[in-house]
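1. Starting from these lines, generate the structure:
(2 chains)
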Amino acid sequence: MFALLEDEGFKRVRSAVVPGFAFRKDSTRDAAEAYGVKAVLFTAQKPGA
Amino acid sequence: MTEIAVLQADEQAPLEGVIKGEVLRMYQEVAEHPESEFHFYHGRQAAEMFGYEREWLDRAPPGAVASFAGVGNPHLRSRLQPGETVLDLGSGAGLDSIVAAWQVGPAGRVIGVDLNPTMCLKAQAHAAASGVGLECQEGRMEDIPLPDASADVVISNGVINLSFRKRRVVREVFRVLKAGGRISISDIVSAKQLSQSIVNDAKLWAS
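-> Numbering: from 1, shown residues only, chains lettered A, B, ... in the order given. Reported below is the predicted structural model:
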């Protein structure tokens, strides 16, 4: 996502992991951990102005 | 999820349709039966976990709070100003749109876009009950039904990961933003490429 935002022209791309995010069910949580799944807050700006 | 296994175009199209159907079903279920259990935390519990102000959650219609299905809090970094125009991409039951409307005030404008027209109606009803205006349009995030350069800020919460065509979504967000416009988007990413079995599992994708 970070790279996509930069590729499409956004500037000042920032990301921060969302603390506390987790899946509720153990099975989904385990799979998510195995794949490094995280919730992230992205901010960025369109150039100009 | 951000990284996906590579599918051939003729494999992707039917799967995309199945996933769209599952996404519609899943989030309508959250809106209509918020008391049910899902793979993800939702409702007030999730909103408090992500730092939504209690005052917002007390003030918003209970239905909007109970159906909240975000994965973070885009308002933490949105820096919304009075008078700004905000697009809430995947507005769902409307909690994020309502919070945005409180921040941009009566001189501002909040536009929701959601795949599900029923959710748009629900979000608008919740907004009206909150005393704020919300224009909600049925539409796909890959083809946002707004003109170029029409929004100061785009917010979104746990929605872009549901798309098979994330680059297209990001391109559309760029297009509808004004020059100098901003995004504040919470979403799910994965560090590793997902297995084909996960990609093919519409229920898991929609979660």
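2. Residue 46: neighbour count?
-> Just going to use chain A. 25 (other Cβ atoms under 10 Å in any protein chain shown). In this view, the C-beta of every residue, glycine as well, is placed from N, C-alpha and C.
3. that's the wrong chain, I wanted chain B
-> Once other Cβ under 10 Å is used to define contacts, residue B:46 is seen to have 22 neighbours.
4. Within the helices and strands, which one has it?
-> Element membership of residue B:46, judged by DSSP states H and E, is helix B:43-49.
5. List the buried residues in that helix.
-> Neighbour-count burial for helix B:43-49 flags B:43, B:44, B:46, B:47, B:48, B:49 (criterion: 16 or more other Cβ atoms under 10 Å in any protein chain shown).
6. just stretch A:32-49 next, same as before
-> Residues of stretch A:32-49 classed as buried: A:32, A:35, A:37, A:38, A:39, A:40, A:41, A:42, A:43, A:44, A:45, A:46 (neighbour count, 16+ other Cβ under 10 Å).
7. of the residues you listed, list those near chain B.
-> With Cβ under 8 Å from any Cβ of the partner chain as the criterion, the buried residues of stretch A:32-49 include A:32, A:35, A:37, A:38, A:39, A:40, A:41, A:42, A:43, A:44, A:45, A:46 near chain B.
8. about what we covered before: alpha carbons of the helix holding residue B:46, as CSV, please.
-> Coordinates of the C-alpha atoms in helix B:43-49 are reproduced here as CSV (Å, rounded to 0.1, in the frame of the first residue of the first chain):
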residue,chain,number,x,y,z
GLY,B,43,-19.1,-2.0,17.2
ARG,B,44,-18.3,0.1,20.3
GLN,B,45,-15.7,-2.4,21.5
ALA,B,46,-13.7,-1.9,18.3
ALA,B,47,-14.1,1.8,18.2
GLU,B,48,-12.9,2.2,21.7
MET,B,49,-10.0,-0.1,21.0
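9. residues in contact with it?
-> The set of residues external to helix B:43-49 that reach it, using Cβ atoms under 8 Å, 6 or more residues apart in numbering or on different chains, is A:20-21, B:34, B:40-41, B:54, B:57, B:65-70, B:73, B:95.
10. List just the nearest of those to residue B:169.
-> Taking Cβ to Cβ as the measure, residue B:169 lies nearest residue B:70 of these, at 16.7 Å.
11. my guess is the closest one is in a helix, correct?
-> No. With DSSP: H, G, I helix; E, B strand; the rest coil as the criterion, residue B:70 is located in coil rather than a helix.
12. How is the residue nearest the centre of chain A classified with respect to secondary structure?
-> Relative to the mean C-alpha position of chain A, the nearest C-alpha, by Cα atoms, centre = their mean, is the one of residue A:40, at 3.2 Å. At residue A:40 the chain is in strand, as set by three-state DSSP.
13. list the contacts for residue A:17?
-> Going by Cβ under 8 Å, 6+ apart, residue A:17 touches A:38, A:39, A:40, A:41.
14. switch to 7 Å and redo it
-> Counting by Cβ atoms under 7 Å, 6 or more residues apart in numbering or on different chains, residue A:17 makes contact with A:38, A:40.
15. Roughly how far does it sit from residue B:188?
-> Applying Cβ to Cβ, to the nearest Å, the value for residue A:17 to residue B:188 is 11 Å.
16. Residue B:92 reaches residue B:113, doesn't it?
-> No. Residue B:92 is not in contact with residue B:113 according to Cβ atoms under 7 Å; the separation is 10.6 Å.
17. between the two, which one's more packed in?
-> When residue B:92 and residue B:113 are compared for neighbours, residue B:92 comes out ahead with 30 against 26, by other Cβ under 10 Å.
18. That one belongs to a strand, doesn't it?
-> No. Applying three-state DSSP, one finds residue B:92 to be coil, outside a strand.
19. distance of it from residue A:2?
-> Computed with Cβ to Cβ, the distance linking residue B:92 and residue A:2 is 24 Å.
20. Quick check: the farthest pair among the contacts of helix B:43-49?
-> Maximum pairwise distance in the contacts of helix B:43-49, criterion Cβ to Cβ, is 21.2 Å, between B:40 and B:54.
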